[in-house]
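Undergrad: Take this sequence and fold it.
(2 chains)
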Amino acid sequence: MSEPILRCTNLSVGWNRKAILPAISFELRPGEFWAVIGRNGCGKSTWFKTILGMIPPVEGEVHCAPDVRMGYVPQRSAFDEIYPMTGRQVVALGADRGWSFLMPHTAEKRAAIQHAIDQVGAAPFADRPFRSLSEGQKQRVLLARLVTARAQVAFLDEPTAAMDAVAEEEALTQVDRIRKELGTAVVIVSHNLDVARHHADHVVYLDRNQVAAGTAEEIFALPSFRKRYAASLDDERGGWKEEPTNA
Amino acid sequence: MPEITPSWAEFVAAWPLFREAVLCAVTAGGVLGMLGVHVVLRRTVFVSAVLSQVAGLGVASAIFAGMLFDMHTEPMIGAVSFCLIATGSLALRPERVRLSREAMLAAIWVAAGGAALILGDKIAAEAHDIQSILFGSAVLVRPVDWMLVSGVGTVCVIAQILLGRGWLFSGFDHDVARVHGLPVKLLDISLWLCVAGMVSVATRALGALPVFAFTVLPAMAALMLVPGMVGVVPVAGLLGLLAGGLGYLLAWFESWPVGASQTLVAAAFALMAVPIRLLRAA
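TA: Residues are numbered from 1 along each chain as shown, chains lettered A, B, ... in the order given. Presented below is the predicted three-dimensional model:
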């Protein structure tokens, strides 16, 4: 088993030193796919931002391997679409890290940007204004930015929230491909239980009274989870419904 | 305006007299036009309005203090000090007292404008200066003001060249910029220091009204005219520069107040950009 690139020890998240979720410990390894599920307002984004270092933890610690490159796709509402950026310019932001913005992009970086655009199939609309793109196209652009960033750990906060089922499956397939081709560890927040079922090796379940990590089967067997997601689960088949209901 | 026949020949003949004023307007217009792109994109146009108004109050306060204590006080120091205090107040969190940032900005803007007018009334001998400071009716600019505007402007242009991509990244996607390890706080501080510095020196030289106009209107026009992000900053700079120069010429030929003419030219650019943008969109 490879060395963990991110380790959370007894991590408790919250605001003003007040925990909003019970503590959790886990280790993330290269190429793993983690799904984070929980009801609206349970603290998923706070949990994410704490791991990413944007909010200090209430207790515990987050330890990253040296020089690990983090990538982040925030919720759709985080972007200010007043910026007249093209898709390509958004992808190009991925190439900037630390103080590298002081230097112009080299031919090598520009080639990497084009390669990332091609890799996720964003070439046909890369030079159109980002704000004019469909949700599925925007997601491809943001995935190309992750590829450009050569992220070793990618955190995606509800990346498919505004997509229809087809676009969502396409986006998740892209994420899976990036994970396999580049060995990127993926942590994705989703309301769709199918993401946990079909794509994730590990699931983190966040609830006000319980935080748990395990395989999808282990998490789906938790009594508190079954109580919360009763409408989405199909007990007769011992699992979940084929047509998932967004929580 | 001077009581002379407004003609090209006389404008050229009087050029040594107006040189600093025109160069100052052109430089301030160009630099503020460039910085204004970030101000407009970050939805903080009222910050520049507040800074220019506060700079005006700073100048008036310096003049008043000089009269009160019978000593020479440099108005520029008043403008810069007041602007820095106002910039620092932006770091406060007004939501803690159930106020929005817009409400706080509006309160500072109104209070600064009112206070400047009251001080103007107290220093009747300098009333013309106060009028110039607030509305930009100054015709002549001192060489020291032109030197300050060009010096601070040069620093701002260098900052735009070096930090522009970082300003853009942290404005468009602040969280991802942080995750990528960009020094977002430093970038934000550097942007606001550039805006505050340029606004303070330009307000002393040109007046609060044209300074606000240069910070907002050329950037608005450029954002409508230029597709994509590449080229917006230079085009905004060019339009600001033209507004400064053409505004001065308009004031000369039409015997209008200089600051108002510069503001009108900048507004005309923004208005002309609207149909062009609509045509392109269609």
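Undergrad: Next up, the contacts around residue A:81.
TA: By Cβ atoms under 8 Å, 6 or more residues apart in numbering or on different chains, the contact list for residue A:81 reads A:130-131. From N, CA and C alone the C-beta is placed, and that goes for glycine too.
Undergrad: Does the helix or strand containing residue B:116 pack against any helices or strands, and if so which?
TA: Following DSSP states H and E, the helix or strand that holds residue B:116 is helix B:101-122. Contact analysis of helix B:101-122 by 3 or more Cβ pairs under 8 Å, 6 or more residues apart in numbering or on different chains; DSSP states H and E lists helix B:45-68, helix B:75-89, helix B:127-135 as its packing neighbours.
Undergrad: which other helices and strands contact the longest one?
TA: The helices and strands touching helix B:45-68, judged by 3+ Cβ pairs under 8 Å, 6+ apart, are helix B:15-41, helix B:75-89, helix B:101-122, helix B:127-135, helix B:184-206, helix B:208-225.
Undergrad: what does chain B have sitting close to chain A?
TA: In this structure, chain B approaches chain A at residues B:41, B:43, B:162-163, B:165-166, B:168-169, B:171-173, B:175-183, B:223, B:226-230, B:232, judged by Cβ under 8 Å from any Cβ of the partner chain.
Undergrad: Kindly recompute the last result at 7 Å.
TA: Neighbours of chain A within chain B, by Cβ under 7 Å from any Cβ of the partner chain: B:41, B:43, B:162, B:165-166, B:169, B:172-173, B:175-176, B:178-182, B:223, B:228-229, B:232.
Undergrad: ok so, going back, next, the angle from the helix holding residue B:116 to helix B:45-68.
TA: Taking axes from the mean of the first three to the mean of the last three Cα atoms, to 10 degrees, one finds helix B:101-122 and helix B:45-68 inclined to each other by 30 degrees.
Undergrad: Next, the buried residues of the longest helix anywhere in chain A.
TA: Once chain A is assigned using DSSP state H, the helix that runs over the most residues is helix A:165-182. When burial is assessed from 16 or more other Cβ atoms under 10 Å in any protein chain shown, helix A:165-182 yields the following buried residues: A:167-172, A:174-175, A:178-179, A:182.
Undergrad: repeat for stretch B:149-168
TA: Neighbour-count burial for stretch B:149-168 flags B:149-150, B:152-153, B:156-157, B:159-160, B:163-168 (criterion: 16+ other Cβ under 10 Å).
Undergrad: Give me the mean pLDDT for it.
TA: In this model, stretch B:149-168 carries a mean pLDDT of 96.
Undergrad: now do stretch A:85-100
TA: Here the mean pLDDT over stretch A:85-100 is 93, rounded to a whole number.
Undergrad: which residues touch that stretch?
TA: Counting by Cβ atoms under 7 Å, 6 or more residues apart in numbering or on different chains, stretch A:85-100 makes contact with A:105, A:109, A:112-113, A:116-117, A:122, A:125-130, A:133, A:141, A:144-146, A:148-149, B:165, B:169, B:172-173, B:180-182, B:228-229, all of which sit outside it.
Undergrad: mind checking the end-to-end distance for that stretch?
TA: 20 Å (Cα to Cα, to the nearest Å).
Undergrad: try stretch A:100-112
TA: End-to-end distance for stretch A:100-112, by Cα to Cα: 15 Å.
Undergrad: residue contacts, the residue minimising distance to the centre of chain B?
TA: Geometric centre of chain B, nearest residue: residue B:211, 2.9 Å, by Cα atoms, centre = their mean. If a contact means Cβ under 7 Å, 6+ apart, then residue B:211 has B:28, B:32, B:52, B:199, B:202-203 as its contacts.
Undergrad: pLDDT-wise, what's the bottom of those?
TA: Among the contacts of residue B:211, pLDDT bottoms out at residue B:52, giving 83.
Undergrad: circling back: return the members of the residues of chain B next to chain A classed as buried.
TA: B:41, B:165-166, B:169, B:172-173, B:175-176, B:178-180, B:182, B:223, B:229, B:232.
Undergrad: In helices only, show me these.
TA: With DSSP H as the criterion, helices contain B:41, B:165-166, B:169, B:172, B:175-176, B:178-179, B:223, B:232 from among these.
Undergrad: So which helix or strand of chain B has the lowest pLDDT on average?
TA: Of all regular secondary-structure elements in chain B, judged by mean pLDDT, DSSP states H and E, the least confident is helix B:127-135 with a mean of 62.
Undergrad: now swap in chain A and tell me
TA: The weakest-scoring helix or strand in chain A, judged by mean pLDDT, DSSP H and E, is strand A:239-240 (a mean of 52).
Undergrad: Need the phi and psi values for residue B:71.
TA: Backbone torsions for residue B:71, taken as degrees, to the nearest 10, come to phi -150, psi 160.
Undergrad: what about it, distance to chain A?
TA: Taken as Cβ to the nearest Cβ, to the nearest Å, the spacing of residue B:71 relative to chain A amounts to 44 Å.
Undergrad: Would you quantify the distance from that residue to residue B:62?
TA: When Cβ to Cβ, to the nearest Å is applied, the distance between residue B:71 and residue B:62 equals 11 Å.
Undergrad: ok, now residue A:186?
TA: Relative to residue B:62, residue A:186 is positioned 59 Å away (Cβ to Cβ).
Undergrad: can you check residue B:17 too?
TA: Computed with Cβ to Cβ, the distance linking residue B:17 and residue B:62 is 26 Å.
Undergrad: Now compare the buried ones among the residues of chain B next to chain A and name the two farthest from each other.
TA: By the measure Cβ to Cβ, those have their two most distant members at B:179 and B:223, which lie 27.1 Å apart.
Undergrad: quick one: low-confidence ranges for chain A?
TA: Along chain A, segments meeting pLDDT under 70 span A:1, A:76-78, A:231-247.
Undergrad: Which positions in it make contact with chain B?
TA: Within chain A, the residues that sit near chain B (Cβ under 7 Å from any Cβ) are A:52, A:54, A:70, A:72, A:74, A:78-80, A:82-86, A:89, A:93, A:96-98, A:101-102, A:149.
Undergrad: rewinding a little: what's the closest of the buried ones among the residues of chain B next to chain A to residue A:26?
TA: For those, the closest approach to residue A:26 (Cβ to Cβ) belongs to residue B:179, at 19.4 Å.
Undergrad: mind listing what the closest one touches?
TA: Shown here is residue B:179, whose contacts under the criterion Cβ under 7 Å, 6+ apart are A:52, A:70, A:72.
Undergrad: Those in helices, which ones?
TA: No part of the contacts of residue B:179 ends up in helices, with DSSP H as the criterion.
Undergrad: all strands in chain A, in order from the N-terminus.
TA: All strands of chain A, identified by DSSP state E, fall at A:6-12, A:14-15, A:18-19, A:24-28, A:33-38, A:59-64, A:70-73, A:153-157, A:185-189, A:202-206, A:211-214, A:233-234, A:239-240.
Undergrad: Contacts only, for residue B:122.
TA: In this structure, residue B:122 makes contact with residue B:64, judged by Cβ under 7 Å, 6+ apart.
Undergrad: Check the gap between it and residue B:36 for me.
TA: Relative to residue B:36, residue B:122 is positioned 33 Å away (criterion: Cβ to Cβ).
Undergrad: which phi and psi does residue A:134 have?
TA: phi -70, psi 170.
Undergrad: Number of residues surrounding it?
TA: Neighbour count of residue A:134, defined by other Cβ atoms under 10 Å in any protein chain shown: 13.
Undergrad: cool, residue A:65 as well?
TA: When neighbours are defined as other Cβ under 10 Å, residue A:65 has 14 of them.
Undergrad: That one is in contact with residue A:5, isn't it?
TA: Yes. Applying Cβ atoms under 7 Å as the test, residue A:65 and residue A:5 come out as touching, 4.4 Å apart.
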